[in-house]
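[1] no letters, just coordinates:
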């Protein structure tokens, strides 16, 4: 099936070499670090939401502060999860080529799972899913740099 | 392989029914018409760019008008192709489920091809690729409504 | 009064035919479906907000999940109501011409009411106003296609 | 006809006082200065585009610089005209009330003309239309502050 | 130290006059009114958040309305504080030149403090900090117009 | 002077430790890699713009392709330079504290110069300034990780 996909792509885009040379993003500058930074922010916001202390109902000022912080953390989590999704989808649809699909048969599943984890991290306040999202980005980091034959160390900004 | 994917998904997201009930977009309102409208705009802008008459080099006012129009049409084409891509990717990553992958084995390829056509329509000024993009959206329209057992007529706003 | 407006427009924009031929959006591709999809999302989110079950105050995890979902639904409702407003205003200011105003004397009111309903749907969580917004879009759908002498069936993505 | 509109509004939004008290923007802070600043930028960019000196065809570096500057100025003009349009439409649909329509019978036309001038300023590189747009904002400035019984001096940031 | 900075700038950007003539924003149209309008909105939203009446826990409709309004006000406060920050930073990095730094030795601190107040107004629901932000914008208004030798009256849209 | 600034900050924000613990971005996740990736894209786009071959005036299709590509590269350069500026300004206004200013007396100048280089890279098509921007980000990378006592290797995605 994978050979068939590679074959079809050559039919669809006969001048594929030329097309990939003029990619629709900032050509040649792909780096999963962007997705790693935003996925770290998703995990950070998720942990902070879980750790927020519920104010006593009678303390109005504390209640206002709590709901202000809660709403902002949810919005930041949403935005960062969305950016993670967009950055991963750019790698998926623009960087990776049929030749990579032959080498990594689980390429589609890896990205689809990561994209769905981005959605889960918006829908839920789940430290588990946010941790899994960061692990999914780690896996993509390794696949990505392997295709470039480069040895780039994985690190976290917020270890 | 497809069964394996469906199996894996159930492992990844055991509470999958519950998750899909709280989807990360405006739940339950999916419609490929959004992608059709923007793909039509891509085709319209592409045709207009091809048809723009080059001004004579000595007519400064005509030259300014030409370059203003050209720059605006390219920017609108870019924006509309990007929106088409985003709308298609939402259908791909959020609406379609493993069960659909079993029914439409070329689901991934259809969407990946459509996404790559969005990129081509940005990179190039190609009436052929813009027409193919609209056809790809038509194909997705048919798959989509088939999964819902609904008979929605395909039409173009700008026939 | 309407004749006066039409007359004034011809004074303001003497080359009006030419101007309308180079409209400032993706020329020629207008379709109220875009506003219908986002108005459906507003109604869907509004219903879901009304139906959300309040968690017991002592269940902290349920409370976090509730507030996360509530904040996200409000944000999606806001965004979709805003997009509806923008799409309707594009039809109003760009598509419709003085000649239409002569045929539909309540054109301005129809659009102003629809725009104000978009605002109400942000300000409130009102199933009634969200339903009225969708009906206003339906009315605009009928006026719009009538001006084009085309018979496009009204449907809902989420019936 | 205007009385009819005012009457209809009271039917549509019986709790209209309450609704206007919870406006969908940052309540109570309306100021046409925002539209004035962006309209000034539209005029400034338009003048600069007209004044740009065409490079000699044989000077490649000058040609690159020229096209870079031209593309940026068009994009800034587009963005500023769009912001002007949005700010004016917020005043139109959110601030002004039926009672104002009774006092200013040409309210709708003033705003519709200003909105159409925003579009013209995108479509064209016209110093005349950009100047008329700024004059339209001036007229709205005067109507607006008159409704508030305040005497706010009109000035230009870039006289 | 300030002379050193001015000297370094001339080394970094020898053609500095030329560069400042082609500024990266809409050249020549700077006006702190934009930041004043958004800072007023921050203050307005902050006051409204403090004044919102907590609904009784047993009144579900009132509770939904309260949380909808609260979430929207926080989002508007966030957006307006962010816009204030952006507008101030444009003045700081684009408008002000080394020559101004010589005249206003506390230029950097004034802007850095104002930028940090924007952040505080997001993080907190503090009428005090929102009031201080508006005062900081007032101070910048006075410095700005002084550099232009113009006498522009400070006013508030929402006094 | 620096001690005075640090002293003033303590006056302005007495509860400064508390404020910095609730920073207005995704707390704790700062990484200059984001600015490095976008600065690399600015350099890449700048080089590609310089290298684009001017089509012969008589070849209309080549001319359309050239202007489409040119306009897109300028837009991508603009967007990436803007993102670089925003990411650097977040580090400047949110991450760095008075205590850092004491250690790095040229902190303000380093960031102001980098911000001005972002503007230059928009205004011009200059390989030299784009290279200097990347070097400025490199310098900030080193200062940043030094403040965290971490040894993070600098690399380029597109060496």
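    Cool, the structure landed. Treat the numbers as computed from the prediction; the structure is a model and nothing was measured.
[2] the longest helix anywhere in chain A vs helix B:60-90, what angle?
    The single longest helix within chain A, with elements called by DSSP state H, is helix A:60-90. Calculated by axes from the mean of the first three to the mean of the last three CA atoms, to 10 degrees, helix A:60-90 forms an angle of 100 degrees with helix B:60-90.
[3] which phi and psi does the residue lying farthest from the centre of chain A have?
    In chain A, the greatest distance from the average C-alpha position (CA atoms, centre = their mean) is reached by residue A:58, at 40.7 Å. Backbone torsions of residue A:58, given as degrees, to the nearest 10, read phi -80, psi -10.
[4] can you tell me which residues contact it?
    By CB atoms under 8 Å, 6 or more residues apart in numbering or on different chains, no residues touch residue A:58. Heads up, the C-betas are built off the backbone N, CA and C, glycines and all.
[5] how much space separates it from residue E:67?
    18 Å (CB to CB, to the nearest Å).
[6] find the nearest non-adjacent residue to the residue in chain A that chain C sits nearest to, please.
    The nearest approach of chain A to chain C comes at residue A:74, 4.4 Å away (CB to the nearest CB). Among residues not flanking residue A:74 along the chain, residue C:71 sits closest, at 4.4 Å (CB to CB, 6 or more residues apart in numbering or on different chains).
[7] so that neighbour versus residue A:122, what's the distance?
    From residue C:71 to residue A:122 the distance is 11 Å (CB to CB).
[8] distance between stretch A:62-76 and the chain's centre?
    25 Å (CA atoms, centre = their mean, to the nearest Å).
[9] ok, residues contacting that stretch?
    A:41, A:45, A:48-49, A:52-57, C:67-68, C:71-72, C:75, E:49-50, E:52, E:54, E:67, E:70-71, E:74-75, E:78, E:122-125, F:22, F:25-26.
[10] OK, contacts around the spatially most central residue of chain A?
    In chain A, the residue lying closest to the centroid (CA atoms, centre = their mean) is residue A:84, at 3.5 Å. By CB under 8 Å, 6+ apart, the contact set of residue A:84 is A:35, A:38, A:39, A:42, A:118, A:133, A:137.
[11] please list which of those residues are also close to chain C.
    Applying CB under 8 Å from any CB of the partner chain to those, one finds that nothing falls near chain C.
[12] quick one: which of these is most hemmed in?
    residue A:39 (32 neighbours; other CB atoms under 10 Å in any protein chain shown).
[13] so who does that one touch?
    Here residue A:39 is in contact with A:80, A:84, A:130, A:133, A:134, A:137 (CB under 8 Å, 6+ apart).
[14] 7 Å instead, please
    A:84, A:133, A:134, A:137 (CB atoms under 7 Å, 6 or more residues apart in numbering or on different chains).
[15] which SSE is it in?
    helix A:33-51 (DSSP states H and E).
[16] now that helix against helix F:33-51, angle please.
    Using the same axes, to 10 degrees: helix A:33-51 against helix F:33-51 is 150 degrees.
[17] quick check: mean pLDDT of helix A:33-51?
    Helix A:33-51 carries an average pLDDT of 96.
[18] now do residue A:147 against residue B:140, distance only.
    29 Å.
[19] who has more neighbours, these two?
    The residue with more neighbours, out of residue A:147 and residue B:140, is residue B:140; 22 against 16, by other CB under 10 Å.
[20] SS state for residue A:155?
    Under DSSP: H, G, I helix; E, B strand; the rest coil, residue A:155 falls in the coil class.
[21] list the backbone torsions phi and psi for it.
    The phi/psi pair for residue A:155 (degrees, to the nearest 10) is phi -140, psi 170.
[22] without its sequence neighbours, what residue ends up closest to it?
    residue F:152 (6.1 Å).
[23] how far away is residue A:143 from residue B:111?
    20 Å.
[24] residue contacts, the residue lying closest to residue A:78 once chain neighbours are set aside?
    Closest residue to residue A:78 apart from its sequence neighbours, by CB to CB, 6+ apart: residue A:122 at 5.3 Å. By CB under 7 Å, 6+ apart, the contact set of residue A:122 is A:77, A:78, A:81, B:24, C:72.
[25] the residue nearest to the centre of chain A and residue A:50, how far apart?
    19 Å.
[26] residue ranges with poor pLDDT in chain A?
    Within chain A, the segments meeting pLDDT under 70 span A:1-27.
[27] residue of it nearest chain E, please.
    residue A:71 (4.4 Å).
[28] quick check: the gap between that residue and chain D.
    16 Å (CB to the nearest CB, to the nearest Å).
[29] burial measure for that residue, as a count.
    25.
[30] and what of the one 10 residues further on?
    One way to gauge burial is a neighbour count; for residue A:81, by other CB under 10 Å, it gives 26.
[31] that one contacts residue A:121, doesn't it?
    Yes - here residue A:81 lies in contact with residue A:121, judged by CB atoms under 7 Å, at a distance of 4.6 Å.
[32] mutual contacts of these two, please.
    residue A:42.
[33] could you list the residues in contact with stretch A:148-159?
    Counting by CB under 7 Å, 6+ apart, A:37, A:40, A:44, A:138, A:141, A:145, F:28-31, F:152-153, F:155 sit against stretch A:148-159.
[34] quick one, which of those are buried?
    A:37, A:40, A:44, A:141, A:145, F:28, F:29, F:30, F:31, F:152 (16 or more other CB atoms under 10 Å in any protein chain shown).
[35] for residue F:30, see how far away the third one is.
    Same thing as residue A:44. According to CB to CB, residue A:44 and residue F:30 sit 11 Å apart.
[36] can you count the residues close to residue A:57?
    So residue A:57, with other CB under 10 Å, has 11 neighbours.
[37] appreciated, that's everything.
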